[in-house]
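> Build me a model from this:
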Amino acid sequence: MIRIYNFQKQFKELILNGSKTQTIRKPRKRETKQDDILHLYTGLRTKQCVLIAKATCENVIPILIFPFQKRLVANITTNIFQFAQDDGFESVDNFYEFFKQYGKEKLSMEIIYWKLL
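The predicted model follows:
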């Protein structure tokens with residue numbers, strides 16, 4: 001199955017150079033699953049729409065993020081600093097600041113890991 005994901009421009013180079021290897025999203029009605037093909041875009045639904053890359057979904061893991069407490073609950077094997085970097089953030093503080101925009105104390109999300117094609 002092909003899945004389409006849109007990214008902010010700040011993540012484009014990180015995806016292309018392999019620094020960003022995952023994304024954290026709200027679960028979709030039609031779940032993303034291992035081996036799905038991911039089309040990674042920036043500017044989706046605009047005239048500036050650009051396909052960044054194509055990837056294969058390696059894994060999908062549920063995650064709870066508590067941005068105002070700077071805490072998360074997930075079955076991950078890396079430390080929080082490496083996890084934040086893999087998601088495209090320079091620091092753990094930047095990671096939590098990004099998720100504060102949702103304005104919720106607790107976010108039920110999923111981590112989608114990929115391998116570029």
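
> Confirm residue 10 sits in a helix?
Yes - counting by DSSP: H, G, I helix; E, B strand; the rest coil, residue 10 is part of a helix.

> Longest strand in this protein, please.
strand 50-66 (DSSP state E).

> what does the next helix or strand after that one rub up against?
As assigned by DSSP states H and E, the chain's next helix or strand after strand 50-66 is strand 71-74. For strand 71-74, the external contacting residues (Cβ atoms under 8 Å, 6 or more residues apart in numbering) are 61, 62, 63, 64, 65, 66, 80, 111. In this view, the C-beta of every residue, glycine as well, is placed from N, C-alpha and C.

> Buried subset of those, written for ChimeraX?
Per 16 or more other Cβ atoms under 10 Å, the buried members of the contacts of strand 71-74 correspond to this ChimeraX selection:
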select :63,65,111
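
> Can you give me the neighbour number for residue 67?
For residue 67, the number of neighbouring residues by other Cβ atoms under 10 Å comes to 20.

> give me every residue that touches it.
Applying Cβ under 8 Å, 6+ apart, the residues near residue 67 are 96, 97, 99, 100, 102, 104, 105, 107.
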